[in-house]
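Novice: here is my input; please provide its structure:
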Amino acid sequence: MAADVRLVLLADTHLPKRAKQLPTPVWEAVEGADVVVHAGDWVEAALLDELEQRSARLVACYGNNDGPELRSRLPEVARAEVGGLRLGVVHETGAAQGRETRIDQRYRDLDVLVFGHSHIPWDTTTPAGLRLLNPGSPTDRRRQPHCTYLTAVVSGGRIEVELHRLPPRS
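Specialist: Model (predicted):
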């Protein structure tokens with residue numbers, strides 16, 4: 001039987017514009033994870049460099065706020081097999097209304113799609129059975145009550161997800 005795979009899901013880190021660095025609990029989660037997923041809006045490549053060094057495995061894409069350097073190093077849509085699941089990562093999925101239908105049509109080859117852009121945590125399953133996950137942002141809560149990220153465990157072809165709310169920055 002395959003071992004469980006531990007994931008950390010991030011998006012919209014916006015470093016160093018929204019924060020100077022990732023919060024300590026996020027780094028602790030990264031260092032304990034088998035796979036780190038980042039759904040874009042890094043802003044500067046320094047975080048990509050650091051996550052590449054500190055992650056066992058990184059699956060990531062660029063976002064709309066990412067310039068030429070990040071776009072030259074990352075795809076618009078990243079795909080990977082993780083613990084028997086077909087995982088995709090994209091920054092933007094469009095408006096919330098009609099999202100599940102659009103995603104079902106566009107990403108028929110996936111089991112899980114991680115996305116960002118809205119800074120709003122999201123966890124739904126489409127009519128075709130595709131799991132949609134948005135971790136929110138660990139550095140810019142916008143109109144949300146908390147900055148957030150997700151952790152997940154893939155086991156036996158299933159994914160269990162936990163939302164983490166970060167304390168306010170001082």
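Novice: just the pLDDT for the nearest residue to H146 once chain neighbours are set aside.
Specialist: Closest residue in space to H146, ignoring its immediate chain neighbours: R165 at 3.9 Å, by CB to CB, 6 or more residues apart in numbering. Bear in mind the C-beta positions are built from the backbone N, C-alpha and C, glycine included. R165 is assigned a pLDDT of 97 by the prediction.
Novice: pretty sure R165 contacts L150?
Specialist: No: with contacts counted by CB atoms under 8 Å, R165 stays clear of L150, the gap being 10.9 Å.
Novice: host element of L133?
Specialist: Element membership for L133, per DSSP states H and E: strand 131-134.
Novice: so where's the chain shaky on pLDDT?
Specialist: 1, 170 (pLDDT under 70).
Novice: I'd say P121 and L163 touch.
Specialist: Yes: with contact defined as CB under 8 Å, P121 reaches L163; the gap is 5.5 Å.
Novice: shared neighbours, the two?
Specialist: Residues touching both P121 and L163 (CB atoms under 8 Å, 6 or more residues apart in numbering): P135, G136, T148, L150.
Novice: and the second one, its phi and psi?
Specialist: Phi and psi for G136, reported as degrees, to the nearest 10, are phi 70, psi -150.
Novice: likewise the third one?
Specialist: When read as degrees, to the nearest 10, the backbone of T148 gives phi -140, psi 160.
Novice: skip the chain neighbours and tell me the closest residue to it.
Specialist: Closest to T148 by CB to CB, 6+ apart is G136, at 3.5 Å.
Novice: check contacts around V43.
Specialist: Counting by CB under 8 Å, 6+ apart, V43 makes contact with T13, H14, L15, P16, K17, N65, D66.
Novice: list buried residues within those.
Specialist: Buried members of the contacts of V43, scored by 16 or more other CB atoms under 10 Å, are T13, H14, L15, N65, D66.
Novice: just checking, the third one touches E44?
Specialist: By that I understand L15. Yes: with contact defined as CB under 8 Å, L15 reaches E44; the gap is 6.2 Å.
Novice: ok, and what's touching the longest helix seen in the chain?
Specialist: Ordering each helix of the chain by length in residues (DSSP state H) puts helix 45-54 first. With CB under 8 Å, 6+ apart as the test, helix 45-54 has contacts from 13, 15-16, 22, 27, 30-31, 36, 38, 42, 58, 60, 69-70, 73-74.
Novice: fine, thanks again, bye for now.
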